[in-house]
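Participant: The sequence isn't on hand, but the structure is:
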């Protein structure tokens, strides 16, 4: 049933059994069991896009098979600014500390200052800011579907045409560019202090 729902034509249940090494488990699925399906076997009818993380992060699997992001520390990097603030977008001190502690625990590191250059840091995907999450475009989409809207050229043309009117608007209003100057009237007490 799983093969029929999630895989493309030609992939049988036996393929999934072999790939997941289920024969030694008696081919019986239990609640909570994870069935791995290689991306190239996924049915295009599902219109799924492969999940990716943007550089310098790499997408990896942890020991349980769960996807995580991984960052390799560079010279001068710190867990707080180079990892937590940069990749999660968190700025509040309490949030930064909380996530840093979570990452230390996940990576089996007792103290942030013990992190070495080139050490690989695992980061849960749910902590990443949208800036570092993406998907492979047009992956597994039917040929008649495009990720680019049909009216993209019209939208671009409208943007260009609307920009042409900006210089004209400045001329119409006769905006004068004068540097901002602040003048201060001096009084007699200022003169006395300076002498």
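Facilitator: Thanks, I have it. The structure presented is a predicted model; accordingly, all values stated were derived computationally and were not measured.
Participant: I'd assumed residue 82 was in contact with residue 100.
Facilitator: No. Assessed by C-beta atoms under 8 Å, residue 100 is found out of contact with residue 82, at 11.0 Å. In short, each C-beta sits where N, CA and C put it, glycine included.
Participant: And these two? Which one has more around it.
Facilitator: Shown here are residue 100 and residue 82; by other C-beta atoms under 10 Å, residue 100 has more neighbours (19 against 16).
Participant: Can you verify that one is assigned to a strand?
Facilitator: No. The assignment for residue 100 (DSSP: H, G, I helix; E, B strand; the rest coil) gives helix, which keeps it out of a strand.
Participant: how close does it sit to residue 39?
Facilitator: According to C-beta to C-beta, to the nearest Å, residue 100 and residue 39 sit 33 Å apart.
Participant: Straight-line length of stretch 80-94, end to end?
Facilitator: 11 Å (C-alpha to C-alpha, to the nearest Å).
Participant: My guess is residue 58 contacts residue 68. True?
Facilitator: No. With contact defined as C-beta under 8 Å, residue 58 and residue 68 do not form a contacting pair (9.5 Å).
Participant: higher neighbour count, these two?
Facilitator: Shown here are residue 58 and residue 68; by other C-beta under 10 Å, residue 68 has more neighbours (21 against 13).
Participant: Who are the packing partners of the strand or helix carrying the more buried one?
Facilitator: Residue 68 belongs to strand 67-72 when assigned by DSSP states H and E. Counting contacts by 3 or more C-beta pairs under 8 Å, 6 or more residues apart in numbering; DSSP states H and E, strand 67-72 packs against strand 58-61, strand 120-124.
Participant: I'd like the ones you listed laid out as a markdown table, including distance to residue 48 and mean pLDDT.
Facilitator: Shown next, in a markdown table, are these (distance: least, C-beta to C-beta, whole Å; pLDDT from 0 to 100):
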| stretch | distance to residue 48 | mean pLDDT |
| --- | --- | --- |
| strand 58-61 | 15 | 92 |
| strand 120-124 | 21 | 97 |
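Participant: Now render those strands as JSON lines, adding distance to residue 90.
Facilitator: Formatted as JSON lines, the helices and strands packed on strand 67-72 follow (distance: least, C-beta to C-beta, whole Å):
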{"stretch": "strand 58-61", "distance to residue 90": "21"}
{"stretch": "strand 120-124", "distance to residue 90": "12"}
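Participant: domains for this structure, by residue range?
Facilitator: 1-43, 47-142 (automatic domain parsing).
Participant: those helices in the protein, which residues are they?
Facilitator: According to DSSP state H, the chain carries its helices in the segments 2-6, 13-19, 93-106, 152-173, 188-194.
Participant: which stretch in those is the model least sure about?
Facilitator: Among the helices of the chain, helix 152-173 has the lowest mean pLDDT, at a mean of 41.
Participant: which ones are touching the closest residue to residue 71 other than its chain neighbours?
Facilitator: The shortest distance from residue 71 to any non-neighbouring residue, by C-beta to C-beta, 6 or more residues apart in numbering, is to residue 121 (5.0 Å). Listed by C-beta atoms under 8 Å, 6 or more residues apart in numbering, the contact set of residue 121 reads 70, 71, 72, 73, 79, 83, 103, 107, 115.
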